[in-house]
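Participant: mind folding the following:
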Amino acid sequence: MVPPVGVIERLVSETATRAQRQIYQTLTDPLIDAQRAALDGLLELRGDAPHSTLAWLKFPAGLACINFRIVSGPHLDSRYQKTVEQNDANTMAEILPDEFVLVEGDGKQSTKADLVNDAKSGRREGAFMIAQFLR
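Facilitator: As a prediction, this is how the structure comes out:
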């Protein structure tokens with residue numbers, strides 16, 4: 001007899017959480033207070049940047065020179081999704097910040113202007129990719 005899917009999902013989730021806690025404990029138990037404080041410092045925002053040092057370290061290579069911020073949120077996401085569906089370049093130009101840069105997995109970068117031009121010309125690839133990025 002197989003348990004219901006909900007029971008299996010809960011067991012898997014609890015097991016993953018327990019394993020993650022054990023990993024963190026194994027990694028942090030031998031640290032002294034100064035090391036813990038230094039790690040906590042990685043979570044503080046960097047000057048006027050919208051991200052912490054730890055978040056910055058997670059960016060793909062090449063983003064260090066870009067004033068990068070993730071533009072997301074339910075309001076922008078749903079509005080942008082409608083914009084993509086309607087291929088509405090004007091609304092896209094209105095809702096994306098001027099400094100927006102989309103960095104694709106292969107390192108290709110598209111600015112707000114690139115994405116708006118793609119929408120105007122009917123090329124939806126860039127618009128679709130950013131819509132996926134915002135999810």
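Participant: per-domain residue ranges of the protein.
Facilitator: Residue ranges for the domains of the chain, per automatic domain parsing: 5-50, 74-134.
Participant: sketch out the low-pLDDT regions of the protein for me.
Facilitator: 59-77, 103-108, 123-135 (pLDDT under 70).
Participant: just the strands in it please.
Facilitator: 101-103, 109-111 (DSSP state E).
Participant: turn these into TSV, columns for distance to N117 and mean neighbour count.
Facilitator: C-beta: built from backbone N, CA, C; applies to glycine. What follows is those, written out as TSV (distance: least, CB to CB, whole Å; neighbours: other CB atoms under 10 Å):
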stretch	distance to N117	mean neighbour count
strand 101-103	13	17
strand 109-111	9	15
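Participant: nearest to A93 among those would be which one?
Facilitator: strand 109-111 (11.6 Å; CB to CB).
Participant: remind me what the closest one packs against, helices and strands.
Facilitator: With contacts taken as 3 or more CB pairs under 8 Å, 6 or more residues apart in numbering; DSSP states H and E, strand 109-111 sits against strand 101-103, helix 125-134.
Participant: could you list the paired strands of that strand along with their orientation?
Facilitator: strand 101-103 (antiparallel) (DSSP bridges).
Participant: what's the local residue count around E99?
Facilitator: 12 (other CB atoms under 10 Å).
Participant: equivalent analysis for R18, please.
Facilitator: By other CB under 10 Å, the residues close to R18 number 10.
Participant: distance check, the closest residue to N87 other than its chain neighbours against E85.
Facilitator: Excluding its sequence neighbours, the residue lying closest to N87 (CB to CB, 6 or more residues apart in numbering) is A119, at 5.5 Å. A119 sits 11 Å away from E85, going by CB to CB, to the nearest Å.
Participant: look at the two and report which has more neighbours.
Facilitator: Counted by other CB under 10 Å, A119 and E85 do not tie: A119 has more neighbours, with 22 against 12.
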